[in-house]
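Colleague: Make a model of this:
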Amino acid sequence: MTVNLEIRQLESDLATEIYISATPSGKTPLREQSQEFFSAIRDTLSSKKAHILQERIFASQSGMETLSEVRSKTYGALDDGVAPSFLVCKEGMSGPFAGTQVHAVKSDIRPEAIDSQGKLCGRILRLPGRVYLTLSQISAPQFTNNIEQARAILEQAESILKKFGTDFFSVPRTWMWLGDILSWYDDFNEVRNKFFTERGLIGEGTRQSLPASTGIGLSPADAGKCAMDLAAVLEPTDSIQYLPAVGKQQCALEYGSAFSRASKAITPAGTTVFVSGTASIDVTGATTNIGDATGQINTTIENVRAVLKDMNCRDEDVVQVVAYCKTVEVEKILNGLKSNLPWPWLTAICDICRQDLLFEIEATATPRA
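Modeller: Numbering: from 1, shown residues only. I've put the predicted structure just below:
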């Protein structure tokens, strides 16, 4: 078997949340490998009577068509029509397929698919006293340039949230998938800052209700310049805790990037801590360990663990991790270090938001997982 399957669960009387990280454990032809992957995920979810809330597939562009086809055929009835986020990365040590992450739920009530502009793009789960919503790969490839697309995906997500009587104040976590990130990350930040200021999430007199976020150099596979995933908590209302500065990381807004270092939210089966994309950055916001991949990896892990500690999470509470490596050489160094932690690793090769950054980690943790 060429798939490494790591499963974490958070259980309550109301629901069970299931986190699956599937990564290659060997090289085989892509079609054969993907059949093993999606069969393993399907069998796991079927045995647990669980349904997908959110899913991401990381692979090179050349493999996306095969992965999409095999996933649809293999999942069968498990596929509710909501496509996963297909995220384009560079080929790494495992080949064109970096892996898959799934967040699923087992409960008496099934998630409902969300339709926007004739396309199924997310799910909403309505449990007694807990309503949780996810959106996947919101994109706007019909616009011609990056800035227009960035504004459009924020407005599209907002429009969907409004259909359910909510807005970005209910969003603890976003993921910003930014193709060619190094050429326009400052422009993206300007668009996001303006949008969040207009909506009252930041600015004078606000409480800085900024979602935790990842902004990373992965392209959506639909040829768009950028795309977005998010998670929203509609009930209980006003239950999200935003942490602009936490652990060893100061507020990112001080150097122009509108996201919190972490957030804590009520999710279907308990409480979830979302750790934003974190890198080798000091208290002033400057890159450290320039040119030193080992130093950046160790500092990044230290920064993430400091956030987890402040949020009363243990390493064993981490349910999903993505390590973003700038090159395969950085991935090789990471592979020699990551076994020191019991995290369910998935590694993607892509550009980070600064030319001098070689490495970044995002993490999700659920105390009691």
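
Colleague: any idea which helix or strand of the protein has the worst average confidence?
Modeller: Ranking every helix and strand in the chain by mean pLDDT, DSSP states H and E puts strand 241-243 at the bottom, with a mean of 92.

Colleague: residues in contact with that one?
Modeller: 172, 207-212, 260-265, 307, 310-311 (C-beta atoms under 8 Å, 6 or more residues apart in numbering). Any C-beta I mention is one placed from the backbone N, CA and C, and that applies to glycine too.

Colleague: So which residues of the stretch 201-350 of the chain form helices?
Modeller: 293-310, 328-335 (DSSP state H, counting those that start in this stretch).

Colleague: any weak-confidence spans in this structure?
Modeller: For the chain, the stretches with pLDDT under 70 are 1, 369.

Colleague: coming back round to it: out of the contacts of strand 241-243, which two sit at the greatest distance?
Modeller: Arg207 and Val307 (20.2 Å; C-beta to C-beta).

Colleague: Which strand residues bridge Glu55?
Modeller: Listed by DSSP bridges, the beta-bridge partners for Glu55 are Val102.

Colleague: what's the burial count for it?
Modeller: Per other C-beta atoms under 10 Å, the neighbour tally for Glu55 reads 22.

Colleague: and what of the one 5 residues further on?
Modeller: The number of residues packed around Ser60, counting by other C-beta under 10 Å, is 19.

Colleague: wait, doesn't it sit right on Leu87?
Modeller: No - at 10.4 Å, Ser60 does not count as touching Leu87 under the criterion of C-beta atoms under 8 Å.

Colleague: between those two, what contacts are shared?
Modeller: Contacts common to Ser60 and Leu87, judged by C-beta under 8 Å, 6+ apart, are absent.

Colleague: partner strands of the least confident helix or strand of the chain, parallel or antiparallel?
Modeller: Strand 241-243 has the following strand partners under DSSP bridges: strand 262-267 (antiparallel).

Colleague: which other residues reach the partner strand?
Modeller: The contact list for strand 262-267 (C-beta under 8 Å, 6+ apart) reads 10, 17, 130, 132, 172-173, 211-212, 231, 233, 236, 239-243, 246-247, 271-276, 307, 311, 366.

Colleague: Tell me which of Arg207 and Val307 has more neighbours.
Modeller: With neighbours defined as other C-beta under 10 Å, Arg207 and Val307 compare such that Val307 has more, 24 against 10.

Colleague: my guess is that one contacts Arg261, does it?
Modeller: Yes - contact criterion C-beta under 8 Å: Val307 and Arg261 qualify, at 6.4 Å.

Colleague: what are the ranges of the strands in the stretch 51-200 of the chain?
Modeller: For the stretch 51-200 of the chain, strands defined by DSSP state E, counting those that start in this stretch occupy the ranges 51-59, 85-88, 97-106, 112-116, 119-127, 130-139, 173-178.

Colleague: Determine which stretch of those strands is the most buried.
Modeller: Of all the strands of the stretch 51-200 of the chain, strand 173-178 has the most neighbours on average by mean count of other C-beta atoms under 10 Å, namely a mean of 27.

Colleague: Can you name every helix or strand that that one contacts?
Modeller: strand 85-88, helix 185-198, strand 212-216, strand 219-220, strand 226-235 (3 or more C-beta pairs under 8 Å, 6 or more residues apart in numbering; DSSP states H and E).

Colleague: coming back round to it: what touches both of Val307 and Arg261?
Modeller: Applying C-beta under 8 Å, 6+ apart, one finds that Val307 and Arg261 are jointly contacted by Leu243, Val246, Gly247, Gln249, Val275, Thr278.

Colleague: quick one on the thing from earlier: what residues sit buried inside the least confident helix or strand of the chain?
Modeller: Buried residues in strand 241-243, counted by 16 or more other C-beta atoms under 10 Å: Tyr242, Leu243.

Colleague: Return the distance of it from the chain's centre.
Modeller: 17 Å (C-alpha atoms, centre = their mean, to the nearest Å).

Colleague: likewise stretch 94-110?
Modeller: Distance, stretch centre to chain centre, for stretch 94-110: 12 Å (C-alpha atoms, centre = their mean).

Colleague: how far does it stretch from start to finish?
Modeller: With C-alpha to C-alpha, to the nearest Å as the measure, stretch 94-110 spans 35 Å from end to end.

Colleague: ditto for stretch 327-340
Modeller: 21 Å.

Colleague: Stretch 275-286 too?
Modeller: Start-to-end, stretch 275-286 (C-alpha to C-alpha) is 19 Å.

Colleague: One more: stretch 82-97?
Modeller: Terminal residues of stretch 82-97 lie 21 Å apart, using C-alpha to C-alpha.

Colleague: now stretch 327-347
Modeller: 11 Å.

Colleague: tell me which residues of it are tucked away?
Modeller: Going by 16+ other C-beta under 10 Å, stretch 327-347 has these buried residues: Thr327, Val330, Glu331, Ile333, Leu334, Lys338, Trp343, Pro344, Trp345, Leu346, Thr347.

Colleague: which among the residues you listed gets closest to Leu358?
Modeller: Of all those, Leu358 sits closest to Val330, with 5.1 Å by C-beta to C-beta.
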